[in-house]
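Asks: Predicted model follows, preceded by the sequence.
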Amino acid sequence: MRFHAESSRDAYDAIVVGSGIGGLAVAALLARAGRDVLVVERHDRVGGYAHSFRRGRYLFDAAVHLVGGCAPVPYEGGGLLDRLISGVGVEGQCDFARVDPFYSVGFPDAAFDVPSGLDEFVRAHADVFPEESKGLKQFAQECLNIRQEVRRASELATPFSVVANPGRFSTLLRYRRATLGHVLDAHLDSPRAKALVGALWPYLGLPPSRVSFLYYATMLMSYVADGAFYCRGSFQRFAEALAGAVVDRGGEVLLRSAVRRIVVEAGCARGVVLENGQQVSAPLVFSNADALQTAEELVGAEALPAGYLAALRALEPSHSAFVVYLAGRFGEGVLPRSHETFLYTDWDHDAAYARTLAADPSWLSVTVPSHVDAAAAPPGEDVVTLTTLAPRCPATPWRDEKQPMMERMLVLAERSLPGLRDSAAFVEGGSPRTMERYTRNCGGAIYGWALTPRQVGPGRSGIETPVNGLRLVGHWAQPGGGVYGVVSSAVQAARLALGLESEDELWHLLAGEIRA
């Protein structure tokens, strides 16, 4: 597959700004539906946060650890990535390995393996907290109900239409302003049981007391009901498969080619101007870039209603992440057995979050992709990533704080994994400033807007904008962050662009069963 730095044509049916998974997914879907598509990416590779990089013999994922929904499932709304991969015709290009247990948790005086499968998930937690068995079942059922109602809601004209259909969306309406902590309090009594069920909160960037229950439930079910998967060869392969689907259908992917401006005339998107001065026209432009940068820098305040800009500026961006990448020949028993392990120094997630905001982490996750992917490291060696959340703007600039932060994370990891540091042949760090440099997300925000109850659903940037033909896609748009979330936004953006009434119509169209 050849990528270009300058477009070979001056007109397309659609242009996608940015090649994160959301941008690539909408591009691949439209290309498969017969549209001419151009993807423009400023980095030297596609994928956004899903890109990977090599350091000598070692292959690292930059940020993505797991995805859900890579296989057909019996639950309504499940198997989203499986439908995408099949829909754009790249089934044989991604080797997704099932990961089970899909994560493990270590507290100071206890450790747990958390399996996939709805019944298995409930049973594993009930085995530890038998007195909470009823509440755990109710909690899991509420999460499943939410996931199913979210799928139905995605096909409504606007998120506000949910309010007009209370019978169909009773669970969504009941919990629309609820945090995960609120719902855990309603179903469980044991603080430790609540801490265990809420241990996956770093995947959404906020502790149970702040994160949207609706979004946590949807995310959790994408793994529990759909299964957790790792892409062998790194998640770069998934990104490249989607980019290949665009190229195979006659589209183009530009690398090292930034967009200078989105052209707007008479309130309509007309195309883009590239950094090299080339103007490329299209009636549809999808921005997979930072939403506020799209509005203020690529479009310009003069082309947007003041109220729209004010609403964007009032939203809270998510936090970023700090990652330490290690590789080497680690001794017996040094590494966790699981692909993903969360290590907490106490049972209080709010306290852990407070330390996060101070850039002084008391917790981290340990990911070992080489447990499921032999290509990540030479035989007998492993690659490991240590990840914690981090503030976008610390008191000390990241250029001065990066090395001390790496030291703190290595010391923290050594408490649970003695010998880790001494066994590492390679160590490198990635700060929020690193995340921003490669993605241009403000402060390296890794979930777009923060996933609070107020910023999920109607309170988040919509896919459509006040500029006719300009659409947002990815983690700054509805529904939100994470691979599952950005693919959901891409599916809905493609459906709307093709004038289809439902998501099912999109899959039937791509299968050749109906015409657009």
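Replies: Nice, thanks for sending it over.
Asks: now the helices for the stretch 201-350 of the chain?
Replies: Residue ranges of the helices in the stretch 201-350 of the chain, as given by DSSP state H, counting those that start in this stretch, are 213-224, 236-248, 291-293, 306-314, 349-357.
Asks: Columns distance to Pro479, mean neighbour count and mean pLDDT on top of those, output as CSV?
Replies: Any C-beta I mention is one placed from the backbone N, CA and C, and that applies to glycine too. Shown next, in CSV, are the helices of the stretch 201-350 of the chain (distance: least, C-beta to C-beta, whole Å; neighbours: other C-beta atoms under 10 Å; pLDDT from 0 to 100):
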stretch, distance to Pro479, mean neighbour count, mean pLDDT
helix 213-224, 7, 26, 95
helix 236-248, 19, 24, 97
helix 291-293, 14, 18, 97
helix 306-314, 17, 12, 96
helix 349-357, 23, 18, 95
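Asks: among these, which is nearest Tyr484?
Replies: Nearest to Tyr484, of all these, is helix 213-224, at 4.5 Å by C-beta to C-beta.
Asks: Would you mind pulling up the elements that that closest one packs against?
Replies: The helices and strands touching helix 213-224, judged by 3 or more C-beta pairs under 8 Å, 6 or more residues apart in numbering; DSSP states H and E, are strand 67-68, helix 118-128, helix 133-153, helix 170-175, helix 180-187, helix 483-497.
Asks: Relative to Gly419, which of the ones you listed is closest?
Replies: Comparing those by C-beta to C-beta, helix 118-128 comes nearest, at 28.5 Å.
Asks: CA atoms only: put that closest one into CSV for me.
Replies: Listed next in CSV are the C-alpha coordinates belonging to helix 118-128 (Å, rounded to 0.1, in the frame of the first residue of the first chain):
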residue,chain,number,x,y,z
LEU,A,118,-21.6,-11.8,31.5
ASP,A,119,-22.4,-14.7,33.8
GLU,A,120,-18.7,-15.4,34.5
PHE,A,121,-18.1,-11.7,35.4
VAL,A,122,-21.0,-11.7,37.9
ARG,A,123,-20.0,-15.1,39.3
ALA,A,124,-16.4,-14.1,39.8
HIS,A,125,-17.4,-11.1,41.9
ALA,A,126,-20.0,-13.0,43.8
ASP,A,127,-17.5,-15.6,44.7
VAL,A,128,-15.5,-13.0,46.5
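Asks: Let me know the average pLDDT across it.
Replies: Per-residue pLDDT values across helix 118-128 average out to 96.
Asks: ok, back up a step: mind checking which of the helices of the stretch 201-350 of the chain is nearest Gly23?
Replies: helix 236-248 (9.1 Å).
Asks: can you pull out the strands in the stretch 401-516 of the chain?
Replies: 424-430, 470-472 (DSSP state E, counting those that start in this stretch).
Asks: Show me what the first one is packed against.
Replies: So the one you mean is strand 424-430. Packed next to strand 424-430, using 3+ C-beta pairs under 8 Å, 6+ apart, are strand 320-328, helix 398-416.
Asks: now, of those, which is deepest in the fold?
Replies: Neighbour counts (mean count of other C-beta atoms under 10 Å) averaged over each of those peak at strand 320-328, with a mean of 25.
Asks: Quick one: list the elements packing against that one.
Replies: Using 3+ C-beta pairs under 8 Å, 6+ apart, the elements in contact with strand 320-328 are strand 58-61, strand 382-390, helix 398-416, strand 424-430, helix 432-439.
Asks: Please render these as TSV that adds distance to Phe96 and mean pLDDT to the earlier fields.
Replies: Compiled in TSV, the helices and strands packed on strand 320-328 are given as follows (distance: least, C-beta to C-beta, whole Å; pLDDT from 0 to 100):
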stretch	distance to Phe96	mean pLDDT
strand 58-61	14	98
strand 382-390	18	98
helix 398-416	28	96
strand 424-430	24	97
helix 432-439	24	94
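Asks: For Ser7, which of these is the nearest?
Replies: Checking the helices and strands packed on strand 320-328 against Ser7 by C-beta to C-beta gives helix 432-439 as the closest, at 22.0 Å.
Asks: ok, residues contacting that closest one?
Replies: 20, 43, 48-49, 51, 62-63, 320-322, 390-392, 398-399, 402, 441-444, 446 (C-beta atoms under 8 Å, 6 or more residues apart in numbering).
Asks: among those residues, which ones are buried?
Replies: By neighbour count, with 16 or more other C-beta atoms under 10 Å, those hold 20, 43, 48-49, 51, 62-63, 320-322, 390-392, 398, 402, 441-444, 446 as buried.
Asks: In a markdown table, list the strands of the stretch 401-516 of the chain along with distance to Thr385.
Replies: Output for the strands of the stretch 401-516 of the chain, formatted as a markdown table (distance: least, C-beta to C-beta, whole Å):
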| stretch | distance to Thr385 |
| --- | --- |
| strand 424-430 | 9 |
| strand 470-472 | 29 |
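Asks: Which of those sits closest to Asp13?
Replies: Nearest of these to Asp13, taken as C-beta to C-beta: strand 470-472 at 13.2 Å.
Asks: Compute the distance from the centre of that closest one to the centre of its chain.
Replies: How far strand 470-472 lies from its chain's middle: 19 Å, per C-alpha atoms, centre = their mean, to the nearest Å.
Asks: contacts for it?
Replies: Here strand 470-472 has contacts from 262, 264, 269, 284-287, 291, 294, 299, 461-465, 489, 493, 496-497, using C-beta under 8 Å, 6+ apart.
Asks: Asp504 is nearest to which of the helices and strands packed on strand 424-430?
Replies: Closest approach to Asp504 among these (C-beta to C-beta): strand 320-328, 35.5 Å.
Asks: Stretch 69-84 - what's its average pLDDT?
Replies: Stretch 69-84 shows an average pLDDT of 84 in the prediction.
Asks: Any idea how far apart the tips of that stretch sit?
Replies: Stretch 69-84 has its terminal residues 10 Å apart, counting by C-alpha to C-alpha, to the nearest Å.
Asks: now do stretch 466-482
Replies: 25 Å.
Asks: And that stretch, what's buried?
Replies: In terms of neighbour count (16+ other C-beta under 10 Å), stretch 466-482 has its buried residues at 467, 469-482.
Asks: returning to that earlier point: need the helices of the stretch 201-350 of the chain in JSON lines with distance to Arg123, can you?
Replies: Compiled in JSON lines, those are given as follows (distance: least, C-beta to C-beta, whole Å):
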{"stretch": "helix 213-224", "distance to Arg123": "12"}
{"stretch": "helix 236-248", "distance to Arg123": "31"}
{"stretch": "helix 291-293", "distance to Arg123": "41"}
{"stretch": "helix 306-314", "distance to Arg123": "44"}
{"stretch": "helix 349-357", "distance to Arg123": "23"}
